[in-house]
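Asks: next come a sequence and a model predicted from it.
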Amino acid sequence: MRINIVITGFRATRTTAGHEVLFEYANRLIERGHDVAIITTSPSESPRWFDLKARLIQPPKSAPVRAGVRTALRYGAHRLGAGSKRSVKEALSGVCAGVAPSAAALPYRRAAALERFARAVPPADVTLASGALTALPVYLYGTGVRAYFMQHYETYFTTEENLEWQRLYELEAELSYKLPLHRIANSSWLAQHVRERHGGEVQLCVNGFDHQRFFPEGSPTEAPLTVVSYSGRKARWKGFPEAAEAMRLVRERLGEVRWRVFGDEALLPPDNPIAPYESIGVVDAPAIRRLYSEAHIALCPAWYESFAMYPIEAMACGCAVVSTEFGVEDYARHERNALIARARDPQAMADAVVRLARDTALRGRMIAQARRDIQAFSWERSADRMDELLGTLVAGDRAADSWPAAGLGCGSPGGTTIPLSRAVF
């Protein structure tokens, strides 16, 4: 099959978990004999942090000279009374979107991105959107079967601070789940959430896990109790303030507790008055592996995730996990291999941390059980599942020999739906 995977732009030197997952699928599908292209919706360089085998297709550059001429003509028409000031502003935004994208208003940047994508997308058997901002380009201009591999319920991202044009993004994210695209979710929580809110069929392809990168390396000292968390990159829904309040309550009950935090800058500084912590900063996988291996407990406080990677990474490294409930259901089971606390409830999180700190036998049993349970998760099985789903889509489309009409809100295009199938795990 010829497969197009459409992603948002990324930095050449900064690892992003979402893009890394998509690159992993691309490489694994290439190993299975498919021709895979990664298409970005904005200019990006080849990732230096991942050995990507797929072709990377950049959107064509805008034509600022042509846009400048258009602006000049509209301005002249306006001065002569034959054109509106609004038309001049629209043309000028087109110039800014090409020459200085950050200076253009978001609607014009989105329109320019759609235009460039339409000229960049090559013929394929299936074109796969990977996020809310790629769903509309794929629906409008994707080639072959059009599908949507959902990584999260992105409407919730509008809680992030300083998000430009928040309402526009929220609407585009919400509408992306109603487009007539074949929907595939990366977690059971996301699949069920989309079904409940928008109806229609949603298939499941749970992400894989790299056991070669995450495994026990070292062990924690007996004292003090060490807790590790992710900073949350200033996204409010990652729950870092609730984690800080939970750690304050833990220290009230246990005394000295070391709290180590990795990742980009958090919503609270290391010397905050609630629960000071040791900032590790952005680190690579080997360093994160050692952090988990040398900690007693990983505290994962997000309000919701889709398929959260850091709790399963901690499990693989022999670290006990306290996590909130949404987005870990595929691998975490309360009181079997983790303790699950209510989201946005610092007291529940603190109670779970204290329980694991005091009951070392329980902690040991959960660590051992978690390492056994996550062996079921592998990239081989996930790639096989994605291969199966896309192959079924393409076969159904060829049998129908046409793209059937479908209205918004249908969830998936009628006549080419994927038959109900078992989940990967």
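Replies: Looks like it arrived, so ask away. Remember, it's a predicted structure, so these values are computed and weren't measured experimentally.

Asks: neighbours of residue 233, just the number please.
Replies: Look at residue 233: counted by other C-beta atoms under 10 Å, it has 14 neighbours. Any C-beta I mention is one placed from the backbone N, CA and C, and that applies to glycine too.

Asks: below-threshold pLDDT in the stretch 301-425 of the chain: ranges please.
Replies: Counting by pLDDT under 70, the stretch 301-425 of the chain has low-confidence residues at 398-425.

Asks: where in the protein is the helix or strand with the lowest mean pLDDT?
Replies: When the helices and strands of the chain are scored by mean pLDDT, DSSP states H and E, helix 85-99 comes last with a mean of 60.

Asks: for the next helix or strand after that helix, name the packing helices and strands.
Replies: Going down the chain from helix 85-99, the next helix or strand is helix 106-120, by DSSP states H and E. Helix 106-120 makes packing contacts with helix 85-99, helix 132-141, helix 166-176 when contacts are defined by 3 or more C-beta pairs under 8 Å, 6 or more residues apart in numbering; DSSP states H and E.

Asks: do that again at 6 Å, thanks
Replies: Packing partners of helix 106-120 (3 or more C-beta pairs under 6 Å, 6 or more residues apart in numbering; DSSP states H and E): helix 85-99, helix 132-141.

Asks: contacting residues around the last one?
Replies: Counting contacts by C-beta atoms under 6 Å, 6 or more residues apart in numbering, the residues outside helix 132-141 that touch it are 6, 8, 41, 114, 117-118, 121, 127, 129, 146, 148, 154, 172-173, 176, 179, 181.

Asks: what about stretch 117-127, start to end distance?
Replies: Stretch 117-127 has an end-to-end distance of 12 Å (C-alpha to C-alpha, to the nearest Å).

Asks: now tell me what touches stretch 382-395 from outside.
Replies: Contact partners of stretch 382-395, identified using C-beta under 6 Å, 6+ apart, comprise 1, 25, 28, 32, 125-126, 145, 182, 203, 205, 207-208, 418, 424.

Asks: out of the residues you listed, which are inside helices?
Replies: In helices, defined here by DSSP state H, the members of these are 25, 28.

Asks: apply the buried test to the contacts of stretch 382-395 and list what passes.
Replies: Among the contacts of stretch 382-395, the ones that count as buried by 16 or more other C-beta atoms under 10 Å are 1, 25, 28, 125-126, 145, 182, 203, 205, 207-208, 418, 424.

Asks: got those as TSV, with distance to residue 220 columns?
Replies: As requested, the buried ones among the contacts of stretch 382-395 are exported to TSV (distance: C-beta to C-beta, whole Å):
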residue	distance to residue 220
1	47
25	34
28	34
125	50
126	46
145	49
182	45
203	40
205	35
207	28
208	28
418	45
424	33
